[in-house]
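# Below: sequence and its predicted model.
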Amino acid sequence: MNGLLIDDDAVYAQVLQRSLERRGLRVRVACDAAAALQLVAQEAPEFALVDLKIGASSGLNLIAPLRAARADMQIILVTGYASVATAVEAIKRGADNYLPKPVTAQALIRALQDEPFVEDVDTMTPLSRLEWEHIQQALQQCDGNVSAAARLLGMHRRSLQRKLAKRPGPERLER
């Protein structure tokens with residue numbers, strides 16, 4: 001099964017891509033709408049995982065072009081800003097599923113197999129992983145400047161350096 005991840009959070013997308021590929025799926029990643037549509041034009045995937053917020057644009061606007069490229073494509077919208085209103089809007093526009101972010105590879109595979117979403121300990125991303133991704137996103141926004149990232153995160157620079165030295169192990173990074 002081949003798919004497309006459309007998410008502007010490069011760290012999250014890369015981790016999820018690797019996790020899905022270890023489970024036998026072939027996955028490409030696009031960080032913006034234009035790149036996503038270009039990849040779909042080359043080869044329409046069987047499924048698309050679309051973030052609700054992609055930079056300044058909305059993933060809701062990608063549902064129709066994705067559906068036009070391949071009518072049987074499974075389109076799953078994910079968001080860290082889940083609400084009933086956006087879930088209803090996503091389904092109205094043609095999304096097949098709507099999941100809260102961060103979605104794990106296991107939860108995504110369940111959704112692709114039309115199994116109900118069950119949020120339990122086995123499918124949730126560990127807190128250490130979420131913290132690590134958040135720190136990496138802050139570092140990326142600050143071009144690697146630890147002091148600026150610490151200010152952005154509202155913590156002391158030395159505390160951030162200690163957290164960076166304690167990178168979560170592979171058993172906790174990807175599930």
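The structure has been received and is ready for your questions.
# what is the mean pLDDT for stretch 24-40?
Averaged across stretch 24-40, pLDDT comes to 92.
# how about the CA coordinates for it, as PDB?
Coordinates of the C-alpha atoms in stretch 24-40 are reproduced here as PDB (Å, rounded to 0.1, in the frame of the first residue of the first chain):
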ATOM      1  CA  GLY A  24       5.500  -2.400   4.900                       C
ATOM      2  CA  LEU A  25       3.800   0.700   3.600                       C
ATOM      3  CA  ARG A  26       5.500   2.900   0.900                       C
ATOM      4  CA  VAL A  27       5.100   6.500   2.000                       C
ATOM      5  CA  ARG A  28       6.100   9.800   0.400                       C
ATOM      6  CA  VAL A  29       6.100  13.100   2.300                       C
ATOM      7  CA  ALA A  30       5.100  16.600   1.200                       C
ATOM      8  CA  CYS A  31       5.600  19.700   3.400                       C
ATOM      9  CA  ASP A  32       3.100  22.000   1.600                       C
ATOM     10  CA  ALA A  33       0.100  21.800  -0.700                       C
ATOM     11  CA  ALA A  34       1.900  22.500  -3.900                       C
ATOM     12  CA  ALA A  35       4.400  19.700  -3.300                       C
ATOM     13  CA  ALA A  36       1.600  17.400  -2.400                       C
ATOM     14  CA  LEU A  37      -0.300  18.000  -5.600                       C
ATOM     15  CA  GLN A  38       2.900  17.600  -7.600                       C
ATOM     16  CA  LEU A  39       3.500  14.200  -6.000                       C
ATOM     17  CA  VAL A  40      -0.200  13.200  -6.600                       C
END
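# other SSEs contacting the helix or strand containing Arg110?
Here Arg110 sits within helix 105-112, counting by DSSP states H and E. Applying 3 or more CB pairs under 8 Å, 6 or more residues apart in numbering; DSSP states H and E, one finds that helix 105-112 contacts helix 10-22, strand 74-79, strand 97-100. C-betas here are computed from N, CA, C, even on glycine.
# Can you lay out the ones you listed as TSV showing distance to Asp114?
TSV is the format used below for those (distance: least, CB to CB, whole Å):
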stretch	distance to Asp114
helix 10-22	17
strand 74-79	9
strand 97-100	9
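# Perfect, that will be all.
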